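**Student:** quick one: sequence and predicted model below, then my questions.
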Amino acid sequence: MVSTFANIFKVPELKKKLGFTLFAIAVYRLGSHLPLPGINAQALGLLMQQLKQQGSILGIYDIFVGGALSRAAILFLGVMPYISASIIFQLLGSVFPQIEKLQRDQAGRRKITQYTRYLTVGLAAFQAIGISIYLESQKFTAPTGATMAIVYHPGWLFRLTTMLTLTCGAIFAMWIGEQITEKGIGNGISFLIFIGCLDDYPRYFIRTAQLVMTQGLSLVNLIVVIIIMFLIVAAVVVMTQATRRIPVQYPKRIVGRRMYGGQSTFLPLRVNTAGVIPIIFAQSLVVFPATIASYLPQLKEFTQLFRPGFWIYDLTFFLLIVFFTYFYTSIIFNPAELADNMKRYGGFIPGIRPGQRTADYVDGVLSRITLPGALFLGFIALVPWYLINFLSVPFYFGGTTLLIIVGVALDTLQQIESQLMMYHYEGFMKRGRIRGRRR
């Protein structure tokens, strides 16, 4: 493994890309610490700690933006407006044929990318106004009874400056992500979220070490937690890479004066096609009942029951994840279009007729393998609360953040692997010694 990392610095182009990526991340992290004007950052940080403990959607959002929300930074919104805009266009593509047609060719995808940028600006401005109004209405009440306002001087001047600052911050974050994709190691938007998810882990390690030293966490519990964490990470890696391979056969064909023999390949269907999107959708919906009930004193008991750790909340959350897994998979994967493309190029699945029969077969296989993926997503989303409640784990581990960290890390390794193999160096997933450059 050490020699493999040494290979990275032997490829000038790859070394340049890694250097640019590290520089872009440093700039992005700097923006995550520059405070917004007119906000009591200390009170907001304490309020966000409470929301994270309650499983609020704002607490999850703060993890995605690397703690910029708790610090009231100018990159408050991060790349989340861009992610939202991208998801909206994916959903619209399944409804409007015009957008679906644009998504099929390179020129159309460039137009979709441009429209996504415009929508990102609109969503960022809309979210910034809503956040500014929300912060004006919030106050943090300390255990001593002292009340601290989040905004020093509420009013339209604060709302306007917040909207302009946060919108520009979201545009800058989107630009940084696109630059990493173009000039860095690739997948810039996902990589920025990946870096944000790692923001709290140094504090987690320090807090855990302090608890062990002060005997707040027993050594036995720590060993059990480490074993469970290792097994969970291994399971996430397996489920992220798990695929069902369907054999596909292409007949002989003549191109010009040359005849090409029949080709045997396979169609990889991922067990977890939807990724982390179902958890995000489910998390957004599951907090609504508790949010509404919090404004109605007569529903106080319901508010206490509908929170992480109680069976009503956990069951609802789990079922929503299963539903959105199937829903989002059906949107991003179209078996009919796949069958038509295979038929156009003469491909077929052995034993299955081309056309509608192929689409039905692929749809049936995808429905069966999506079930274990959906159940696993539900399990991994509920793991953090049970670790905290039953094993007294002093940090948040699992759920959406773990899926993002593992998924982006594997994808980044594959990007580096392809660069190394292109220059004929040994990669991360290949054993043996370095063979050097081929002549």
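**Tutor:** All right, it came through fine. Residues are numbered from 1 along each chain as shown.
**Student:** once you drop chain neighbours, what's closest to Glu136?
**Tutor:** If you skip the residues right next to it in sequence, Glu136 has Pro154 as its closest partner in space, 4.1 Å away by C-beta to C-beta, 6 or more residues apart in numbering. Placement of C-beta: from N, CA and C, glycine included.
**Student:** and the one you found, how far is that from Leu34?
**Tutor:** From Pro154 across to Leu34, the span is 22 Å (C-beta to C-beta, to the nearest Å).
**Student:** can you check Glu13 too?
**Tutor:** From Glu13 over to Leu34 (counting by C-beta to C-beta), the distance is 32 Å.
**Student:** ok, the two, which is more surrounded?
**Tutor:** Ranked by neighbour count (other C-beta atoms under 10 Å), Glu13 and Leu34 place Leu34 first, with 14 against 10.
**Student:** residues contacting the more buried one?
**Tutor:** By C-beta atoms under 8 Å, 6 or more residues apart in numbering, Leu34 lies in contact with Ala73, Ile74, Leu75.
**Student:** check what pLDDT it gets.
**Tutor:** We have a pLDDT of 84 for Leu34.
**Student:** and what of the one 10 residues further on?
**Tutor:** Leu44 carries a pLDDT value of 78.
**Student:** numbering from 17 from now on, please.
**Tutor:** From this message on, residue numbering opens at 17, which makes the last subject Leu60.
**Student:** these two touch, right, it and Ser86?
**Tutor:** Yes. Here Leu60 lies in contact with Ser86, judged by C-beta atoms under 8 Å, at a distance of 6.6 Å.
**Student:** for this structure, give me the ranges with low pLDDT.
**Tutor:** Residues of the chain that meet the criterion pLDDT under 70 lie in 17-22, 66-76, 156-162, 232, 268-278, 303-325, 407-408, 410-412, 414, 439-455.
**Student:** in it, where's the longest helix?
**Tutor:** helix 372-407 (DSSP state H).
**Student:** list the buried residues in the helix or strand that that helix is followed by.
**Tutor:** Downstream of helix 372-407, the next assigned helix or strand under DSSP states H and E is helix 415-438. The neighbour-count check on helix 415-438 (16 or more other C-beta atoms under 10 Å) flags 415-424, 427-428, 431-433, 435-436 as buried.
**Student:** what angle separates helix 415-438 from helix 372-407?
**Tutor:** Helix 415-438 and helix 372-407 are oriented at 120 degrees to each other (axes from the mean of the first three to the mean of the last three C-alpha atoms, to 10 degrees).
**Student:** now helix 415-438: how far from the chain's centre is it?
**Tutor:** 12 Å (C-alpha atoms, centre = their mean, to the nearest Å).
**Student:** other residues contacting that helix?
**Tutor:** 20, 23-24, 27, 29-30, 33, 76, 79, 201-203, 206-207, 209-210, 213-214, 248-249, 252-253, 256-257, 291-292, 295-296, 299, 393, 396-397, 399-400, 442-445.
**Student:** could you redo the last one with a cut-off of 7 Å?
**Tutor:** 23-24, 27, 30, 76, 79, 201-203, 206-207, 209-210, 213-214, 249, 252-253, 256-257, 291-292, 295-296, 396-397, 399-400, 442-445 (C-beta atoms under 7 Å, 6 or more residues apart in numbering).
**Student:** in helices, which of these fall?
**Tutor:** 23-24, 30, 76, 79, 206-207, 209-210, 213, 249, 252-253, 256-257, 295-296, 396-397, 399-400.
**Student:** out of those, which end up buried?
**Tutor:** For the ones in helices among the contacts of helix 415-438, a burial check counting by 16+ other C-beta under 10 Å picks out 23-24, 30, 76, 79, 206-207, 209-210, 213, 252, 256, 295-296, 396-397, 399-400.
**Student:** that older thread, any idea how far the longest helix of the chain is from the middle of the chain?
**Tutor:** Put simply, helix 372-407 sits 16 Å off its chain's centre (C-alpha atoms, centre = their mean).
**Student:** can you list the buried residues in it?
**Tutor:** Those would be 374-375, 377-379, 381-382, 385-386, 389-390, 392-404, for helix 372-407 by 16+ other C-beta under 10 Å.
**Student:** got it, and stretch 235-246?
**Tutor:** Within stretch 235-246, the residues scored as buried using 16+ other C-beta under 10 Å are Leu238, Val241, Ile244, Met245.
**Student:** got the CA coordinates for that stretch in PDB?
**Tutor:** C-alpha atoms of stretch 235-246 as PDB (Å, rounded to 0.1, in the frame of the first residue of the first chain):
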ATOM      1  CA  LEU A 235     -12.800  -0.100  27.900                       C
ATOM      2  CA  VAL A 236     -15.100  -3.100  27.200                       C
ATOM      3  CA  ASN A 237     -17.700  -0.800  25.600                       C
ATOM      4  CA  LEU A 238     -15.000   0.900  23.500                       C
ATOM      5  CA  ILE A 239     -13.800  -2.500  22.200                       C
ATOM      6  CA  VAL A 240     -17.400  -3.500  21.400                       C
ATOM      7  CA  VAL A 241     -18.000  -0.200  19.600                       C
ATOM      8  CA  ILE A 242     -14.800  -0.500  17.500                       C
ATOM      9  CA  ILE A 243     -15.800  -4.100  16.400                       C
ATOM     10  CA  ILE A 244     -19.400  -2.900  15.600                       C
ATOM     11  CA  MET A 245     -18.000   0.100  13.600                       C
ATOM     12  CA  PHE A 246     -15.600  -2.200  11.700                       C
END
